[in-house]
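Novice: model the following, please.
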Amino acid sequence: MNKMKWYAAAAAILIVAVAVWFFFFSSNEVENHSQTKNGIQESMEFSNADLKEDKDGVPIWKLKFKHAVIEKDTNIAHLTGVEGYFYDGNTELHLKADTGIADQKKHIVHLEGTIDGKTSDGIILHAQNLTYDGNTDILSTDTPFTVQQGNKVLTADSFTADRVLQEIKARGNATLTEEGDSQ
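Specialist: You can find the predicted model right below:
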C-alpha cells in the first residue's frame, strides 16, 4: 500500500511540475539549446517577447520581437520581426525592422532590413540599418536614408542623431528639399 501512495505522490508532483511549466512558459515559447554553432556553446530561443534598457529607472529603449536567439556566453540577442521604441523625455521614436542585434553588455542595438520609423512629433524615417550606442546616446546609419517632417525631406548617405531624431547630422550627398520644389 505504501508503494501505491508513493506512486500517486510522484504522479501528482509530475502533474504540478508540468502545469507550472505550461503556465510560465507557454506564452513566450522558450527553448534551451545546448549546442555548438559558430562557436556559440549554448543559446536560448524566445518568441514574442521584449528586451529593454532603463537608466535611473527611466526607459531608454524597448525592443519587441517575433523571435530571438540569445547567446548565453555573450548575452547577445539575434532578433527577427523587430519593433523598437526609443524614448527621450516626451518624445518617442517607434521603428519596425526586419532583423536586429542587441548587445546589452556593450549597450549597442543594431537594426537591419527595411526600417520604417516615426516619432511622436511627426518625423518619418526610412533606412536600411540603424545603430544605437547607449554609451554615447547616438543613433546612426551608414547607409542612405530619408527623413521627412511635414513637407521637408532630408536625404543623405549617412547620419548621426540623438535617439529620437531631434538633432540630425547628415553626411555625404545631403539634400534638403520641400515637397513641391522642382529639383
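Novice: quick one, phi psi at Val164?
Specialist: Torsion angles at Val164 (phi, psi; degrees, to the nearest 10) stand at phi -120, psi 20.
Novice: going forward, count from 498.
Specialist: Let's use 498 as the start, then, which means that last one is Val661.
Novice: hmm, it is touching Asn587, no?
Specialist: No - in this structure Val661 lies outside contact range of Asn587 using Cβ atoms under 8 Å: 9.6 Å. Heads up, the C-betas are built off the backbone N, CA and C, glycines and all.
Novice: more neighbours, those two?
Specialist: Taking other Cβ atoms under 10 Å, Val661 and Asn587 do not tie; Val661 has more neighbours (22 against 8).
Novice: separation between the more buried one and His607?
Specialist: Going from Val661 to His607 by Cβ to Cβ, to the nearest Å gives 18 Å.
Novice: just the helices in the chain please.
Specialist: Applying DSSP state H to the chain gives helices spanning 499-522.
Novice: number of residues surrounding the closest residue to Ala667 other than its chain neighbours?
Specialist: Distances taken as Cβ to Cβ, 6 or more residues apart in numbering place Ala653 nearest to Ala667, at 3.6 Å, with adjacent residues excluded. For Ala653, the neighbour count with other Cβ under 10 Å is 19.
Novice: for the longest strand anywhere in the chain, packing partners?
Specialist: Longest strand in the chain, counting residues (DSSP state E): strand 537-552. Other helices and strands packing on strand 537-552, by 3 or more Cβ pairs under 8 Å, 6 or more residues apart in numbering; DSSP states H and E, are strand 528-534, strand 555-568.
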